[in-house]
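**Student:** Mind folding the following:
(one chain, ligands or ions: 1)
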Amino acid sequence: MTLSLIPHAPKTEGARAFLQGGAKKILIDGEWIATAATFETTDPATGAPLATLARAGAAEAEAAVAAAQAALSRPDWARMLPMARGALLWKIADAIEAHADELAELESLDQGKTFATARFGEIPGAIAQFRYYAGYASKILGTAITPSIGYAPAGKQVMAYTRREPIGVVAAITPWNSPLLMAAMKLAPALCAGCTVVLKPAEETSLTAIRLCELMLEAGLPAGVVNLLTGFGAEVGDALARHPGVAKVAFTGSTEVGRILLGSARGNLKKLTLELGGKSPAIVMADADLSLAIPGVARGIFANSGQVCVAGSRVYVQRKLYEAMAEGLAREAGRLRLGHGLDPASDLGPLVSPDQAARVAAYVAGGRAAGAEVLAGGTGFAEAPAFFAPTVVAGVTPDMALMREEIFGPVTAITPFDEPEEALALANDTDYGLAASVWTESLSAAHRMAAAVRAGTVWVNCHSYFSPELPKGGMKTSGWGVENGPNGLENYLETKTVCMVV
Ligand code: NAD
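**Tutor:** Residues are numbered from 1 along each chain as shown. Reported below is the predicted structural model:
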């Protein structure tokens, strides 16, 4: 593992112009507006300031929700024909694609992730969200029903049909780990359904949400359909979650804030989708192909420096392969090059902030003090406080925080097991239920384990494979509801039944 501290500047004209374009504003009803209060966003690799952002609060939330409510019934949006709405979503996808390098540079600078992670993973993921739901806008169907009602007036018939209607104003509240992708996962189905949105990106990483809103307006999105409020969760996020004019909160973030939202949303019984934290196991069976499993499990935990909700932070290995897997994972961890996200030589960037790196360090220190053995990494860097070395820890017992809590950093615990039942018991010994991977060449073992692990997604011989066609949700405290696919669209629609005597 090496660390390079050479800072890098963006190469695209677009990213440079955006960063030099002065203090950023919020978007309400198609107008960019400055706020009295502001805050800074910084490059986590260097600590250098990147931009001054508007700090929205309750008053701005009020104005943005009013704008979104007005836009909901304005003819330019409410009467836009389904195919035109689909075409608009496709145009937004084209705009993101045309600015992919610029957006990837902004994401890398603001979040710390490598340019490659943003440019070849997450930005294409965001484009795919808009293209996938573009096709659905013209395929939102109700049903015609003949009800079994025998008490209609003589000579009359009862018939009924359902309408699928947009749920209303959506507050989309997103986390800092994959900012543009998380925003797209909410905006694309919400717009497909005909909803209007107030988007609240994470305070650490708002830049690509601002740029995306500029691009959506240029693509022809009517004013007020998407409004953007930058600011802090406890201030503007809370105001949106409590606002009676918001019909639904689409949230991705921590389980802790998910619990808070249950209370905030109760006033008008907002519909909630909660995509929350995880502590996902990777189960390596004795017949696994190690040429797949070693790099695959390593990517599953170290990609994006472990700041991935589905990161494989618990690795269970059948005893026959334990030594080889532990050595292999430690070797993979050791050869990753850490550096600035825009440095093409970097495999991993910093974590999102020095605070997050300190949090990760505290988990590793706690594990060490309780007797765990660090096989690789285990250290931060005084000269670069947001970085943390990719880390593999052995001897982590089920009661340790390292094994129970979401670390959200490049740290995994590796543990041997003897029988598959033992692996299942260990894998399911968690409050979370977001994802898991099983590594085996046996078809039967793959299906048996996939059925028995309590997790929203189970991968076999891969980890962290995503696509808009694949439903994504969490069991247990990993969340409520499913994003992606047709299920993802359902979150933004309500069914109205029209029953008539004719
Ligand atoms: P977080 O919960 O701290 O914040 C997420 C968002 O909620 C931010 O925009 C924040 O400002 C806002 N927020 C905070 N307090 C709020 C409040 N009281 N009311 C309303 N909004 C509030 O999460 P984070 O630290 O930004 O992101 C990391 C977490 O996100 C991890 O737990 C990770 O597992 C989770 N995550 C889950 C998924 C998934 O699909 N399940 C995907 C990515 C990240």
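**Student:** Around the ligand, pick out the residues from the stretch 51-200 of the chain.
**Tutor:** Within reach of the ligand by Cβ under 6 Å from any ligand atom, the stretch 51-200 of the chain has these residues: 173-177, 200. For the C-beta atoms, the positions are set from N, CA and C on the backbone; glycine is no exception.
**Student:** er, the chain I mean
**Tutor:** By Cβ under 6 Å from any ligand atom, the residues of the chain that approach the ligand are 173-177, 200, 202-203, 232-234, 237-238, 241, 252-254, 257, 260, 264, 275-278, 309, 406, 408, 434, 474, 479.
**Student:** And the furthest pair within the residues of the stretch 51-200 of the chain next to the ligand?
**Tutor:** 177 and 200 (15.5 Å; Cβ to Cβ).
**Student:** If you count surrounding residues, which of those two has more?
**Tutor:** With neighbours defined as other Cβ atoms under 10 Å, residue 177 and residue 200 compare such that residue 200 has more, 32 against 27.
**Student:** which residues sit in contact with the residue lying closest to the more buried one once chain neighbours are set aside?
**Tutor:** Distance criterion Cβ to Cβ, 6 or more residues apart in numbering; nearest residue to residue 200, sequence neighbours excluded, is residue 173 at 4.8 Å. The contact partners of residue 173, by Cβ atoms under 8 Å, 6 or more residues apart in numbering, come to 200, 233, 237, 240-241, 249-253.
**Student:** Just grab the bridge partners of residue 173 for me.
**Tutor:** Taking DSSP bridges as the rule, residue 173 bridges to residue 200, residue 251.
**Student:** which one of the contacts of residue 173 is nearest residue 452?
**Tutor:** The closest of those to residue 452 turns out to be residue 252 (Cβ to Cβ; 26.9 Å).
**Student:** related to what we said a few turns ago, quick one: the residue nearest to residue 200 and residue 45, what's the gap?
**Tutor:** 26 Å (Cβ to Cβ, to the nearest Å).
**Student:** now do residue 372
**Tutor:** When distance is defined by Cβ to Cβ, residue 372 is 29 Å away from residue 45.
**Student:** If you count surrounding residues, which of these two has more?
**Tutor:** Each of residue 372 and residue 45 has its neighbours counted (other Cβ under 10 Å); residue 45 has more, 27 against 20.
**Student:** need the contact list for the more buried one.
**Tutor:** Residues near residue 45 by Cβ under 8 Å, 6+ apart: 5, 7, 112, 339-341, 349-350, 384, 386-387.
**Student:** From those residues, pick the one nearest residue 83.
**Tutor:** Residue 83 has its nearest neighbour among these in residue 341, at 39.2 Å by Cβ to Cβ.
**Student:** Test my guess that the closest one contacts residue 106.
**Tutor:** No. Applying Cβ atoms under 8 Å as the test, residue 341 and residue 106 come out as separate, 10.7 Å apart.
**Student:** looking at it, residue 26 is touching residue 228, isn't it?
**Tutor:** Yes. Counting by Cβ under 8 Å, residue 26 does reach residue 228; the two are 5.9 Å apart.
**Student:** What's the end-to-end length of stretch 114-124?
**Tutor:** This stretch, stretch 114-124, spans 15 Å end to end (Cα to Cα, to the nearest Å).
**Student:** Tell me the buried residues in it?
**Tutor:** The neighbour-count check on stretch 114-124 (16 or more other Cβ atoms under 10 Å) flags 114-115, 117-119, 121-124 as buried.
**Student:** Give me the residues contacting it.
**Tutor:** Outside of stretch 114-124, the residues within contact range by Cβ under 8 Å, 6+ apart are 96, 100-101, 103-105, 107-108, 111, 113, 178, 180-181, 303-304, 341-342, 344, 346-349.
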